[in-house]
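Engineer: have a look; sequence and predicted model below, questions after that.
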Amino acid sequence: MKTKYITRLFLVAGIGMSLLYSCKKDNVDFGESLTVREAVNSGGNMQIPVKIGTPLQLNLAVTPGNRTVTDATYSNKHPEISTFSNSGLVTGVSIGKDTVVIKSGNLQVWYVVNVTQ
């Protein structure tokens, strides 16, 4: 009986150590991500704030490393709320929220565009 208890104890300890080791930050590779430098955290979500009629040039970066990105495509769901040029110039057309998908190479990200007065 004592042998079964010790065997179970070592088994549980071994599983626990394996789980701890697999959760170490050094073992996680998050890869690269595309970010918009003008985006702000609003209520826990990253948003791009834009005012109607005031164009905003988006500046993209790849993290980690904060490398500047100049070759991207922009597509949004509601062109009646915001418009995007090929160079990343966003203009607010009417008050509301839009979603933009930005792609560069094999990276893709989406943001909420919050257009205000």
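Structural biologist: Now that the structure is in, tell me what you want to look at.

Engineer: tell me the average confidence for stretch 79-90?
Structural biologist: Over the span of stretch 79-90, the pLDDT mean works out to 97.

Engineer: my bad, should have said stretch 42-54
Structural biologist: Predicted confidence along stretch 42-54 averages 94 (mean pLDDT).

Engineer: buried sites along it?
Structural biologist: By neighbour count on 16 or more other Cβ atoms under 10 Å, the buried set for stretch 42-54 is 47-48, 50. All C-beta spots, glycine's among them, are computed from the backbone N, C-alpha and C.

Engineer: also stretch 106-117?
Structural biologist: Burial within stretch 106-117, assessed by neighbour count using 16+ other Cβ under 10 Å, is assigned to 107, 109, 111, 113-115.

Engineer: where do the strands of the chain begin and end?
Structural biologist: Secondary structure of the chain (DSSP state E): strands at 33-36, 40-42, 45-51, 56-57, 60-63, 67-69, 73-76, 82-84, 89-92, 96-104, 107-116.

Engineer: re earlier: from the buried residues of stretch 42-54, which is closest to residue 33?
Structural biologist: Using Cβ to Cβ, residue 48 is the member of the buried residues of stretch 42-54 that sits closest to residue 33, with 15.9 Å.

Engineer: residues contacting that closest one?
Structural biologist: When the contact criterion is Cβ atoms under 8 Å, 6 or more residues apart in numbering, the partners of residue 48 are 36, 38-40, 56, 58, 90, 100, 111-114.

Engineer: distance between the ends of stretch 38-46?
Structural biologist: In stretch 38-46, first residue to last residue: 10 Å (Cα to Cα, to the nearest Å).

Engineer: for stretch 79-90, that is, sorry about that
Structural biologist: When the termini of stretch 79-90 are compared using Cα to Cα, they are 11 Å apart.

Engineer: what comes into contact with that stretch?
Structural biologist: Contacts of stretch 79-90 (Cβ under 8 Å, 6+ apart): 48, 50, 55-60, 72-76, 91-98, 100, 102, 113, 115.

Engineer: so the nearest residue to residue 110 once chain neighbours are set aside bridges to which residues?
Structural biologist: With Cβ to Cβ, 6 or more residues apart in numbering as the criterion, residue 110 has its nearest non-adjacent residue at 4.8 Å, and that residue is residue 101. Listed beta-bridge partners, residue 101: residue 75, residue 110 (assigned using DSSP bridges).
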